[in-house]
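A.B. asks: From the sequence below, what's the structure:
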Amino acid sequence: MVVGVWKIELHIPYAQNLKDKRNVLQSILVKSRNRFNVSIAEVDFHDKWQRSIMGVACVDLETRRAKDIFTSIRRIMEENGNVVIVREDVNFFPLEID
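C.D. replies: You can find the predicted model right below:
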């Protein structure tokens, strides 16, 4: 079993206020949770209109499948067209199953 943790810094260039930012992020959050059953949340820059840091976590039996899930969520962000991925950091933590 593996736990995947992904930290993504986003730029939201068209957001003119926190409501615009919230609408963009909410779309990404709902689609990601519904399609892939991951934990995803904004973890920093809550009060900045055009910046966000998102955290995503998933648990799977194989690292490859966890990577595929993160790649699919990245695609959702790119297809949204309202966000630019500035920086990202992915880590996988293997866990032993008894």
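
A.B. asks: Only C-alpha atoms from now on, for both contacts and neighbour counts.
C.D. replies: OK.

A.B. asks: Against K31, how distant is the closest residue to Q16 other than its chain neighbours?
C.D. replies: Leaving aside its chain neighbours, Q16 sits nearest to W49 (6.6 Å; criterion: CA to CA, 6 or more residues apart in numbering). Distance of W49 to K31, given as CA to CA, to the nearest Å: 21 Å.

A.B. asks: any chance you could map the helices in the chain?
C.D. replies: 18-36, 63-80 (DSSP state H).

A.B. asks: Report the buried residues of the last one.
C.D. replies: This means helix 63-80. 63, 66-67, 69-70, 73-74, 76-77 (16 or more other CA atoms under 10 Å).

A.B. asks: hang on, the earlier thing: from what I can see the residue nearest to Q16 touches L10, true?
C.D. replies: No: if you go by CA atoms under 8 Å, W49 and L10 don't touch, sitting 11.0 Å apart.

A.B. asks: before we move on, the earlier item: so which of the buried residues of helix 63-80 is the closest to F93?
C.D. replies: T63 (8.9 Å; CA to CA).

A.B. asks: hey, what's I85 bridged with?
C.D. replies: Beta-bridge partners recorded for I85 (DSSP bridges): L10.

A.B. asks: For the chain, give me the ranges with low pLDDT.
C.D. replies: 98 (pLDDT under 70).

A.B. asks: Could you rerun that using 90?
C.D. replies: 15, 37, 46-49, 76-82, 95-98 (pLDDT under 90).

A.B. asks: so who does D47 touch?
C.D. replies: The contact partners of D47, by CA atoms under 8 Å, 6 or more residues apart in numbering, come to L18.
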